[in-house]
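Novice: Okay, here's the prediction I keep looking at, along with the sequence it came from:
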Amino acid sequence: MGSKTNIAIARALAVTSLIAAAILSGCGPRKPIVVATSAPVATALPSWPDVVGCWELRMGAWRPTLALGNDERIVTPPSRVLIDSTVGTRPYERRNLLVRPAPGATPSVHRYSWWNMGQGDSIQLRWTTGFSGVNMSLSHEGDTLRGQAETTWDFDRQVQTADVVMWRVRCDADAPTLAGDSLRRNVPFNPSMHVAERGSLRHYVAGRGVAREWWELVRAQDTLSIIARVESAGAATPHVLTLRMDTTYRPRHLSVDGDEDATVSVLGARTRVGTGSTARTIKTPTGYFLLNESPSVAPWSALLRRWDRLERPARIKVPGYSDLEMSVLGRDSVLIGTRRIILERIDASGNSWGRRTLWVDTVGVLVGSLGGMTGAFALREGFEEAIPYLLGSARRDALRLVRNAADDIKPTHSERFAIVGATVLDGERDAPLRNAVVLVEDGRIARIGPRAQVKIPKGTPVVKGRGVTVMPGVRATGWSVSDLGWGPGLLAHGVVAMQLAVHDTAALREIRSGLDRDGGLTPHVLEASDTSTARVLREGDRGDFVVVEGTLRKIPEWPARVRWVAIGGKLYSARALRQ
């Protein structure tokens, strides 16, 4: 009886409360009920696989092969996708997370696309037109998603499957496709392939950024591939290079998009350089590596790893080009933020390559490259703080090398000598001066004239000039500090003056004063303000010129068959310089 009474009392109180609320709500103007609205936002997935972001998507061939015709589009997802953490609200996508074409990627024909968790550490991706589409089940392995795709149809058609590999990429709309585009053309698909390493470098000339390079190292079961893309303001199209190797970094194939002559293929004991009618076949050397005259720096990273596996020989053979001489110069300790990083500094030089300084970290990844035939300084992005220290090391190396060369290579004549009976092209006369004399005194050109008109002081060493031509040397521009250390090689090629690509006037002053103080066997380093391109020989000028075999009628752009080189009034044998 008591319990029934309590229930009745509770009901009465509830009714009374509702009546009171109704009375109160009826008093005064009614206020609308405001409901906060917001667009779906990204939700954190701390306990889910780290897959949110942009991915390059590549699929193998569908199995079995069917003639799909226009329906091929229905089972073709975008080549680059954004796996989002936004919850969908449309049909099919509701309560799932969204998959969209990545910025800059071409959309597919599908109206709906989403993803969700699968079993274990796997995810499921879906694309559908609302009727048919493609499903994927992928396992997560670091920066790679790998698994299988399966077709789905809203009518009776055989199901197909295909292998799928996805690797993480940047979400910038202007990011290069790299492995996506280049691998489709140049590297056979393998379900085990994944991007093992990637990076980007900035290219500088005289302190000014001129290009940017992206590269990726793609690893498969028994192959390695480096794909590099260089974009520069002055080039209409990007430079894309693909280097295929085995797992020991021994190259098999090198190609550059749009340049058939740059293609090199190793065919066992023979190597084919070029393609088509211009191709030539040479013997494959032992301990070789494939390189070409390319603005891309990424292949040099693979070269260093190959060099390590060969136990660092002094020389590397390069089919189609001159050998590379390799040596360790030292180590640099740089501070990047709060991290102290040790970099090994390596020298690579050769007649086809100039001289290049390479910096590599302790795990074998290339950090920087200075020099080579382009004279550019390429640096891995994120290491900009180290630029002054790296360039300072390169300057000290170069000055040491040219000082050592001056000690090792002695001139045949010094300060005072006369070349008698030669042909002279001085750059001022219209015709060659035959049977002439070039007299050098105190390191300068004292006289140039016909043999009958020039008096040679008694005791002056005489060089017989019959059958040779004396002419101005080359004034080279855009060369790096590392190329300065290749001084004897430059002189042997007829370079007697060089404009260094150094934007820091203090650094250029340090180089010039170091050469003036300690000497060095290298072309004359010009002032930054000396931009003259005139090639002339005048009385009173420095004794810098070249002597070539044969009697020439005009000054060539680059001298050939150099016999002697005079620099600062000292005459050197070109043969000694080359050695």
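Specialist: Received, thanks. Numbering: from 1, shown residues only.
Novice: Was I right to think Leu391 contacts Ser480?
Specialist: No - counting by CB atoms under 8 Å, Leu391 stays clear of Ser480, with 9.2 Å between them. (Each C-beta comes from the backbone N, C-alpha and C, glycine too.)
Novice: Of those two, which one has the most company?
Specialist: Neighbour totals were compared for Leu391 and Ser480, and Ser480 leads with 30 against 23 (other CB atoms under 10 Å).
Novice: who's in contact with that one?
Specialist: 370-372, 375-377, 394, 500-501 (CB atoms under 8 Å, 6 or more residues apart in numbering).
Novice: repeat that for 7 Å
Specialist: Residues near Ser480 by CB atoms under 7 Å, 6 or more residues apart in numbering: 370-371, 375, 377, 501.
Novice: again, but for Cys171
Specialist: Contacts of Cys171 (CB under 7 Å, 6+ apart): 53-54, 82, 102-103.
Novice: Please pick the buried ones from those residues.
Specialist: Buried by 16 or more other CB atoms under 10 Å: 53-54, 82, 102, out of the contacts of Cys171.
Novice: Val546: how many residues sit nearby?
Specialist: Neighbours of Val546 using other CB under 10 Å come to 25.
Novice: That one bridge partners, please.
Specialist: Val546 has these beta-bridge partners by DSSP bridges: Met471, Val565.
Novice: who's in contact with it?
Specialist: With CB under 7 Å, 6+ apart, Val546 has these contacts: 471, 473, 494, 496, 559, 562, 565.
Novice: can I assume Thr460 is in contact with Glu415?
Specialist: No - counting by CB atoms under 7 Å, Thr460 does not reach Glu415; the two are 10.6 Å apart.
Novice: Walk me through the domains of the protein.
Specialist: The chain resolves into domains spanning 53-169, 179-382, 408-578 when parsed by automatic domain parsing.
Novice: Using JSON lines, please lay out those together with distance to Arg400 and mean pLDDT.
Specialist: Formatted as JSON lines, the domains of the chain follow (distance: least, CB to CB, whole Å; pLDDT from 0 to 100):
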{"stretch": "domain 53-169", "distance to Arg400": "42", "mean pLDDT": "89"}
{"stretch": "domain 179-382", "distance to Arg400": "9", "mean pLDDT": "86"}
{"stretch": "domain 408-578", "distance to Arg400": "8", "mean pLDDT": "89"}
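Novice: May I see those domains arranged in TSV, with distance to Leu399 as well?
Specialist: Below are the domains of the chain laid out as TSV (distance: least, CB to CB, whole Å):
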stretch	distance to Leu399
domain 53-169	43
domain 179-382	12
domain 408-578	5
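Novice: among those, which is nearest Leu401?
Specialist: domain 408-578 (3.9 Å; CB to CB).
Novice: can you give me the helices in this protein?
Specialist: For the chain, the helices defined by DSSP state H cover 2-26, 179-186, 298-309, 387-408, 481-484, 487-492, 505-518, 574-578.
Novice: number of nearby residues for Asp347?
Specialist: 22.
Novice: That one and Ser482: what is the separation?
Specialist: 8 Å (CB to CB, to the nearest Å).
Novice: List the residues that are in contact with both of those two.
Specialist: Taking CB under 7 Å, 6+ apart as the criterion, Asp347 and Ser482 both touch 355, 357.
Novice: if we can go back for a sec, generate JSON lines for the buried ones among the contacts of Cys171, with distance to Arg538 as supplementary columns.
Specialist: Listed next are the buried ones among the contacts of Cys171 as JSON lines, based on distance: CB to CB, whole Å:
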{"residue": "Gly53", "distance to Arg538": "65"}
{"residue": "Cys54", "distance to Arg538": "63"}
{"residue": "Leu82", "distance to Arg538": "67"}
{"residue": "Ala102", "distance to Arg538": "63"}
